[in-house]
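# Take a look and give me a structure for this.
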Amino acid sequence: MFRKCTLACLLLIVLCSFSGTAWAKPRIAILEFEDKSGAGAPGEAVADMLTTELFNTNEFTILERQRIDAILSEQDLSSEGYVDSPTAVKMGKLLGVDFLITGAITQFKTETAGGVVPLPLGGFGGVAVGTHTAYVTLDVRAVNTATGEILLAAREQGAANATVGGVAAYGAAFGGGKTGGVLASATYKVVTKIVPRISALKDKAAEAASDAVFNVIEGGNVMVAVDAGASSGIEAGRYLAAFREGKVLKDMQGNVLDAEKIYTAVLVVREVKPKYSKCEVIRALKPLSRGEKAEFLKGSPEDLPIGK
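Numbers count the residues shown, from 1 in each chain. Reported below is the predicted structural model:
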């Protein structure tokens, strides 16, 4: 006999029915950029800038850098630069993320144009005037941690300049003319080009997750478990539709073209683990069995045609 929902529980289901079908934000981890420019480029600062800009889009759940470093160091894995596909998959499982963002700084330099204007009345030295122009190039990759597939491989460039001045004596310039600010400006321009390209991955993740099918790995009539962990896009509060396959349609060569879905229960995710999730049975005709399937519910929990 199934446990009856209280009035409060039913109200909660109704109120959450719309939010329960919303796509969970993809989880991403951004590794420190590798310096390949030979100029001592700040790979950690570049990664932090990209993290901030992606966070401001409100489209991703971004893992904190300290947590990334702590988890990967325990496994003797580098948290900097490019990684191959098998390592990306391993990192994805350890970190519980959908995408791994890696990158390299391949250009990080400044050029100065200008000269020294002599001081009047035979003064010693002169006034240094000129323009600092910074050039920054970033190579970025985004890897699907479930498959190891490289979803994005992009190279973007940015430039920024600033007119500077100072007092020159003995051939040295003092005062203005610091290059750090103009390099940061050029880096920011590159990052703002990369962010939209990474944001586009959100639609790919949502499309893939909406059609994802999970397996019931522990049956029951109150609580069950499915093989959908943190990296699958699942989150607490989401609704799942459990089903078993009915009639199967095959072509003349025996390939499965389609299979009938007979819905057996409505589940709500209560706890998400790295490799599986615990779900509460909200509606069902009978206890669920190991081996049944589940997918993200599209629509209201009350409208799912159970047994049909």
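# Going by C-alpha atoms from here, please, whenever you check contacts or count neighbours.
Noted.
# Do you have the strands of the stretch 51-200 of the chain handy? List them.
Along the stretch 51-200 of the chain, the stretches classed as strands by DSSP state E, counting those that start in this stretch are 61-62, 99-118, 126-144, 150-169, 172-173.
# list the helices and strands the first one packs on?
Here strand 61-62 touches strand 27-30, helix 43-56, going by 3 or more Cα pairs under 8 Å, 6 or more residues apart in numbering; DSSP states H and E.
# Listing partners with orientation, what would you give for the first one?
Listed by DSSP bridges, the sheet partners of strand 27-30 and their directions read strand 61-62 (parallel), strand 99-118 (parallel).
# average model confidence for that strand?
Per-residue pLDDT values across strand 27-30 average out to 92.
# and what of the last one?
Computed over helix 43-56, the mean pLDDT rounds to 93.
# quick one: that helix to strand 99-118, angle?
120 degrees (axes from the mean of the first three to the mean of the last three Cα atoms, to 10 degrees).
# where does the stretch 101-250 of the chain dip in pLDDT?
For the stretch 101-250 of the chain, applying pLDDT under 70 flags the ranges 114-130, 163-180, 205-211, 231, 233.
# burial of residue 279, as a residue count?
Neighbourhood size, residue 279 [other Cα atoms under 10 Å]: 24.
# can you pull the contacts of it?
Residue 279 sits next to 223, 224, 225, 226, 267, 268, 269, 270, 271 when contact means Cα atoms under 8 Å, 6 or more residues apart in numbering.
# partner residues bridging residue 113?
Residue 113 has these beta-bridge partners by DSSP bridges: residue 131.
# Just give me the neighbour total for it.
Residues lying near residue 113 (other Cα under 10 Å) number 10.
# just checking, it touches residue 134?
No: using Cα atoms under 8 Å, residue 113 is not in contact with residue 134; the gap is 11.6 Å.
# ok, back up a step: I'd like the strands paired with strand 27-30 as CSV, with distance to residue 275 appended.
Formatted as CSV, these follow (distance: least, Cα to Cα, whole Å):
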stretch, distance to residue 275
strand 61-62, 18
strand 99-118, 16
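# Please identify the most buried of those strands.
Greatest average neighbour count among the strands paired with strand 27-30 goes to strand 99-118 (a mean of 20), per mean count of other Cα atoms under 10 Å.
# As CSV, could you dump the C-alpha coordinates of that one?
Provided in CSV are the C-alpha atoms of strand 99-118 (Å, rounded to 0.1, in the frame of the first residue of the first chain):
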residue,chain,number,x,y,z
PHE,A,99,31.9,20.5,-19.1
LEU,A,100,35.6,21.0,-18.5
ILE,A,101,37.0,24.3,-19.8
THR,A,102,40.7,24.3,-20.5
GLY,A,103,42.9,26.8,-22.2
ALA,A,104,46.3,28.3,-23.0
ILE,A,105,47.6,31.8,-23.4
THR,A,106,49.6,31.9,-26.6
GLN,A,107,50.2,35.6,-26.9
PHE,A,108,50.7,38.1,-24.2
LYS,A,109,52.7,41.2,-25.1
THR,A,110,52.9,44.9,-25.4
GLU,A,111,54.4,47.3,-27.9
THR,A,112,55.2,50.9,-27.3
ALA,A,113,55.3,53.6,-29.9
GLY,A,114,56.5,57.2,-29.1
GLY,A,115,59.5,59.0,-27.9
VAL,A,116,60.9,61.8,-25.6
VAL,A,117,60.1,65.5,-26.0
PRO,A,118,63.1,67.5,-24.7
